[in-house]
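Trainee: What follows is a predicted structure for the sequence shown.
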Amino acid sequence: MAQTVQSSAKKRAREGRQREAARLLLADRLTDEKIAARLGVSRRTLARWKRLPAVAGAIREGWEARVRRIERSAAPPWRRCTDAELIRELERRRRRRRERQRLRAG
């Protein structure tokens, strides 16, 4: 019984660090090395966590929420946003939308 309690405590601690890793990765302000050091794990462990469905899903959901928030905003995203990857994604979507409109019209 004591081993089960200890195992579940370790699991909760690990899951908490994985949630924190997802949050830091989504913020995209620190390198993987710095994130791993902050969490007290190796860079290799962080890379493995990034492939876990829970962590990858949290990052993807956060990224999609960020894209939706910017798309709904009144100000053009390229004037407010400094995230180059997000700007490229929005520009790609805009080009695809124009292409679909052009194909429908002609």
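Mentor: Right, received. Where do you want to start?
Trainee: For the rest of this, base every contact and every neighbour count on C-alpha atoms.
Mentor: Fine.
Trainee: Give me the buried positions along stretch 27-45.
Mentor: 32, 35-36, 39, 42-43 (16 or more other Cα atoms under 10 Å).
Trainee: For it, what does the pLDDT average out to?
Mentor: The pLDDT scores in stretch 27-45 average 92.
Trainee: which residues touch that stretch?
Mentor: Outside stretch 27-45, the residues that touch it by Cα atoms under 8 Å, 6 or more residues apart in numbering are 17, 20-21, 24-25, 46.
Trainee: Which of the residues you listed sits closest to residue 63?
Mentor: residue 25 (10.3 Å; Cα to Cα).
Trainee: neighbours of the closest one, just the number please.
Mentor: Burial of residue 25 is recorded as 20 neighbouring residues (other Cα atoms under 10 Å).
Trainee: check contacts around it.
Mentor: Counting by Cα under 8 Å, 6+ apart, residue 25 touches 32, 35, 59.
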